[in-house]
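In: take this sequence and fold it.
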Amino acid sequence: MISPNLSDLPCIAVIGTGSWGTTLAVLLSQKGLRVSLWSHTEEQAARLQTERENRDFVPGLKFPPGLSVTHALDQALDECKLALIVVPAQTLRENLSHVREFLPRDAIVLSCSKGLEIGTTRRMSQVIAEELPSHADKIAVMSGPHLHREIANGLPAAGVVAADGIDVARKVQEIVMTPRFRLYTHDDVVGVELGGALKNIIAIAAGAVDGFGFGDNTKATVLTRGLAEMTRLAVAAGANPLTLAGLAGMGDLIATCASPHSRNHQVGERLARGENIEAIKASMKMVAEGVPTAKAALQMAQPLGIELPITEQVYAVAYENKEPRQAVMDLMTRAARSELD
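Out: So this is what the prediction gives:
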């Protein structure tokens, strides 16, 4: 078989050099695609291009020959057919304002960020549609149990890609899926996005369970009741409840709540051990999205009349300096009710 010339392949752009963006860029390069990874600073772009790995976030994951790193958006997006947006939720809008000028009209925009915008409570695809209105019919979202270190190590994983147009989702599936990274398609953008965003809040609570040493019964309770409140809010926002039982809901929830590699789980553990939230955030290289998402989720739930008891307690601990043990007590002593309420 004759190997294709890299210059003849369509370019895939990855916007964001954090752990997940870097992992995805390498994953696609390993597939033989021509990938351009965009860094927000010239200095970092030059360092990554020279060192051929991201030692800050994914040390040891070598860059294939088909992966280039640049700070120039016109170079990153030149002839781009698929742009993966992998930046923190609260910086998404600002980043898109720079992308807008250089994004080819026929490019698909794939959101790989998990969160809600504080203030507007917009999902990531909604922010993209507002900032890139010319691409509103070419937006897809990807979610699932995606702990980057395991995928970087070549361990099998799966996820789901959703779009309002199923042809867009199928195109992303075709480009991104590999023998070790299986993707399913979906048309429930709302459910896939909210599952990916809200599970980060529950993961903070699950981390606190481990930090307190409460055991498996408590962990199972947090996951189950957490999934219930995730589903309540998602359905009120227009999602299919079955989506929350899939990879973007239950699947992602299990992985993020169980793994010590999860940043949100780490936040919960450290809070339970008495650390201050500001000190925790300052010590982390990457954003733990569950903290801002807790605030945005409560803003979203209020006009919908949806109760989010775990989210309320995570917010109180993270933003109001509530004692974590008191938060546990308040959850355990809520008024008795039916499980299906």
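In: excluding chain neighbours, what is closest to Leu27?
Out: Phe181 (6.1 Å; C-beta to C-beta, 6 or more residues apart in numbering). Bear in mind the C-beta positions are built from the backbone N, C-alpha and C, glycine included.
In: that neighbour bridge partners, please.
Out: Ala157, Thr178 (DSSP bridges).
In: am I right that it is in contact with Ala157?
Out: Yes. Between Phe181 and Ala157 a contact is recorded at 5.7 Å, counting by C-beta atoms under 8 Å.
In: find the nearest non-adjacent residue to Leu253, please.
Out: Spatial nearest neighbour of Leu253, excluding adjacent residues (C-beta to C-beta, 6+ apart): Lys199 at 4.2 Å.
In: quick one, helices of the stretch 1-150 of the chain?
Out: 19-30, 42-51, 73-76, 92-99, 124-131, 148-152 (DSSP state H, counting those that start in this stretch).
In: separation between Val192 and Met124?
Out: Distance, Val192 to Met124, using C-beta to C-beta, to the nearest Å: 10 Å.
In: overlap in contacts, the two.
Out: Common neighbours of Val192 and Met124, using C-beta atoms under 8 Å, 6 or more residues apart in numbering, are Val141.
In: of these two, who's got more company?
Out: Ranked by neighbour count (other C-beta atoms under 10 Å), Val192 and Met124 place Val192 first, with 36 against 27.
In: ok, residues contacting the lowest-mean-pLDDT helix or strand in the chain?
Out: None of the helices or strands of the chain scores lower by mean pLDDT, DSSP states H and E than helix 277-283, at a mean of 93. Here helix 277-283 makes contact (C-beta under 8 Å, 6+ apart) with 267, 270-271, 288, 291, 317-319, 321.
In: neighbours around the nearest residue to Asp210 once chain neighbours are set aside, how many?
Out: In this structure, Asp210 finds its nearest non-sequential neighbour in Glu269, 5.5 Å apart by C-beta to C-beta, 6+ apart. By other C-beta under 10 Å, 21 other residues sit near Glu269.
In: what do you get for the one 3 residues further on?
Out: Neighbouring residues of Ala272 were enumerated by other C-beta under 10 Å; the total is 23.
In: would you map out the domains in this structure?
Out: Following automatic domain parsing, one gets these domains for the chain: 9-188, 190-332.
In: how many other residues sit next to Asn276?
Out: As a burial measure, Asn276 scores 11 neighbours (other C-beta under 10 Å).
In: does Thr293 touch Glu117 like I think?
Out: No. Counting by C-beta under 8 Å, Thr293 does not reach Glu117; the two are 9.7 Å apart.
In: okay, and the common contacts of the two?
Out: Contact criterion C-beta under 8 Å, 6+ apart; residues shared by Thr293 and Glu117: Ala89.
In: more neighbours: the two, which one.
Out: Shown here are Thr293 and Glu117; by other C-beta under 10 Å, Thr293 has more neighbours (30 against 21).
In: and the pLDDT at that one?
Out: Residue-level confidence at Thr293 comes out at 97, pLDDT.
In: please apply the same query to Leu340.
Out: 87.
In: between which two of the contacts of helix 277-283 is the distance greatest?
Out: Ala288 and Asn321 (17.2 Å; C-beta to C-beta).
In: so what pairs up with Ser143 in the strands?
Out: Ser143 has these beta-bridge partners by DSSP bridges: Val160.
In: could you count how many residues lie near it?
Out: Count around Ser143 with other C-beta under 10 Å applied: 30.
In: let me know the average pLDDT across the longest helix anywhere in the chain.
Out: Scanning the chain for the longest helix, with DSSP state H as the assignment, gives helix 189-212. Confidence over helix 189-212 (mean pLDDT, whole number) is 98.
In: now it against helix 124-131, angle please.
Out: Inter-element angle recorded for helix 189-212 and helix 124-131: 130 degrees (by axes from the mean of the first three to the mean of the last three C-alpha atoms, to 10 degrees).
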